[in-house]
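**Q** A predicted structure for the sequence below; I have some questions about it.
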Amino acid sequence: MKTVEEIKAAIEAAVPGAGVEIVQNPGPAAQHSLLLQPEHAVDVAKFLRDDAELALTFLSNVTGVDWPDKEITEKVKVTKMVTKTVDGVEQQVEETVEEPRKRVEPGYLEVVYHLYSMTKKHGPVVLRMRTKNRTDAVELPSMTPVWRSAEFQEREIFDLFGVVFTGHPDLRRILMWEGFKDHPMRRDYVEPDDYDYEPTAHDAVLAKATAHQARIAEQKGAGQ
């Protein structure tokens, strides 16, 4: 099979302006992946599927990843006026020092696709797409029109992570019920405090249910 660099070059030759980036995997497997720009992703996907040498006709797996906002501390060189004693005389002189500066790198949601060729017997080729943020710009193009096996898996990611797949033929929840709020696989997800008592072998759940019932009783007492 072609290397990831060769596949990137083939994509860029076939889809002008595709803007594909290689995401390095530092692990022992060195399974590098290709980061696609959403506006060109469907055209890239069709090329990978239809190209005679690649023939990546089988999409085996789709998964989601939540990358929250990240605070990064960097050392920045700053020129300052400092007081120094030179030959017994205090003077104001310029001095370059390093100071820590914090910045927040915005988070995003990521979708990862694993592709194989049944006829060529090679793979996987790993594709990635990223949303603009985790709040109001979470749309990505659906790969279901290219690989039908993406349908249920993209629905799962929509349900659990909140990625909205434009062009999906039936985008609705698949694990949680309609009307359920939030997305349980996000890293900042907080479980609702609505446990009712039921006999359970899980002590942690029982403790939450007991605490919940105590709060309900307290609220009822306060309202009387």
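**A** Alright, I've got the coordinates.

**Q** where does this protein have low pLDDT?
**A** Residue ranges of the chain with pLDDT under 70: 193-201, 223-224.

**Q** where exactly do the helices run in it?
**A** 4-14, 41-50, 150-161, 203-223 (DSSP state H).

**Q** any chance of these in a markdown table, with distance to residue 168 and mean neighbour count too?
**A** Just so you know, the C-beta spots here come from the backbone N, C-alpha and C atoms, and that holds for glycine as well. Shown next, in a markdown table, are the helices of the chain (distance: least, Cβ to Cβ, whole Å; neighbours: other Cβ atoms under 10 Å):
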| stretch | distance to residue 168 | mean neighbour count |
| --- | --- | --- |
| helix 4-14 | 23 | 16 |
| helix 41-50 | 12 | 20 |
| helix 150-161 | 6 | 21 |
| helix 203-223 | 34 | 11 |
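
**Q** Can you lay out those as CSV showing distance to residue 190?
**A** Formatted as CSV, those follow (distance: least, Cβ to Cβ, whole Å):
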stretch, distance to residue 190
helix 4-14, 38
helix 41-50, 32
helix 150-161, 15
helix 203-223, 12
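
**Q** now for these, which one comes closest to residue 174?
**A** helix 150-161 (4.3 Å; Cβ to Cβ).

**Q** That closest one to helix 41-50, inter-axis angle?
**A** Computed with axes from the mean of the first three to the mean of the last three Cα atoms, to 10 degrees, the direction of helix 150-161 lies at 140 degrees from that of helix 41-50.

**Q** Check which helices and strands helix 150-161 is in contact with.
**A** Helix 150-161 sits against strand 58-67, strand 108-117, strand 164-166, with contacts defined as 3 or more Cβ pairs under 8 Å, 6 or more residues apart in numbering; DSSP states H and E.

**Q** CA atoms of it as CSV?
**A** Output of helix 150-161 as CSV, limited to C-alpha atoms (Å, rounded to 0.1, in the frame of the first residue of the first chain):
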residue,chain,number,x,y,z
ALA,A,150,-21.1,5.1,8.4
GLU,A,151,-24.8,5.5,8.9
PHE,A,152,-25.4,4.0,12.4
GLN,A,153,-21.9,4.9,13.6
GLU,A,154,-22.3,8.6,12.8
ARG,A,155,-25.7,8.5,14.5
GLU,A,156,-23.9,7.1,17.6
ILE,A,157,-21.4,10.0,17.5
PHE,A,158,-24.2,12.5,17.0
ASP,A,159,-26.0,11.0,20.0
LEU,A,160,-23.0,10.7,22.4
PHE,A,161,-20.7,13.5,21.3
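
**Q** contacting residues around it?
**A** Residues outside helix 150-161 that contact it (Cβ atoms under 8 Å, 6 or more residues apart in numbering): 59, 61-66, 109, 111, 113, 142-144, 163-165, 168-176, 183-186.

**Q** Can you give me the domain boundaries for this protein?
**A** The record's domain parsing of the chain by automatic domain parsing lists 4-67+108-166, 70-104, 191-224.

**Q** Report the buried residues of stretch 48-68.
**A** 48-49, 51, 54-59, 62, 64, 66 (16 or more other Cβ atoms under 10 Å).

**Q** Need the residues you listed in TSV (columns: distance to residue 80).
**A** Below are the buried residues of stretch 48-68 laid out as TSV (distance: Cβ to Cβ, whole Å):
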residue	distance to residue 80
48	53
49	58
51	57
54	56
55	61
56	56
57	61
58	60
59	56
62	52
64	46
66	40
